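Participant: any chance you can model this:
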Amino acid sequence: MGLKDGSVSFNCEGTYDVVIQHQLLTYTLDDGRKSVVKFTGNNPVTITENFEPQESDPAEDQQAACQAVLNNLKVYVEGK
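Facilitator: Numbering: from 1, shown residues only. Predicted structure coming up:
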């Protein structure tokens, strides 16, 4: 994963543990950290992600990065 301008990138590898279409994704990253992504509502859909942060970076920075991804997804899906 990385920024379009190439200034930041990182590997993000893991295994999906549970996939329930339109409802839930859970996955385990290769380093053992777990994440849960829930989809609720209908028009609009709300996406909630809970994840175990890396110990090497501040949790607040990681949360901000995930929120930025979700914000960009919202813009893309809404076609703005």
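Participant: for the spatially most central residue of the chain, pull up the helix or strand it's in.
Facilitator: Nearest to the mean C-alpha position of the chain, by CA atoms, centre = their mean, lies C66 at 5.4 Å. C66 is part of helix 59-78 when elements are defined by DSSP states H and E.
Participant: what sits up against that helix?
Facilitator: Applying CB atoms under 8 Å, 6 or more residues apart in numbering, the contact partners of helix 59-78 are 47, 49, 51, 53-54. Glycine gets a C-beta too; all of them are placed from N, C-alpha and C.
Participant: buried among these? Make that a PyMOL selection.
Facilitator: Those of the contacts of helix 59-78 that count as buried under 16 or more other CB atoms under 10 Å are selected in PyMOL with:
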select buried, resi 51
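Participant: I'd like the contacts of helix 59-78 written out as TSV, with secondary structure and pLDDT added.
Facilitator: As requested, these are exported to TSV (DSSP: H, G, I helix; E, B strand; the rest coil; pLDDT from 0 to 100):
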residue	secondary structure	pLDDT
I47	strand	90
E49	strand	90
F51	strand	88
P53	coil	85
Q54	coil	85
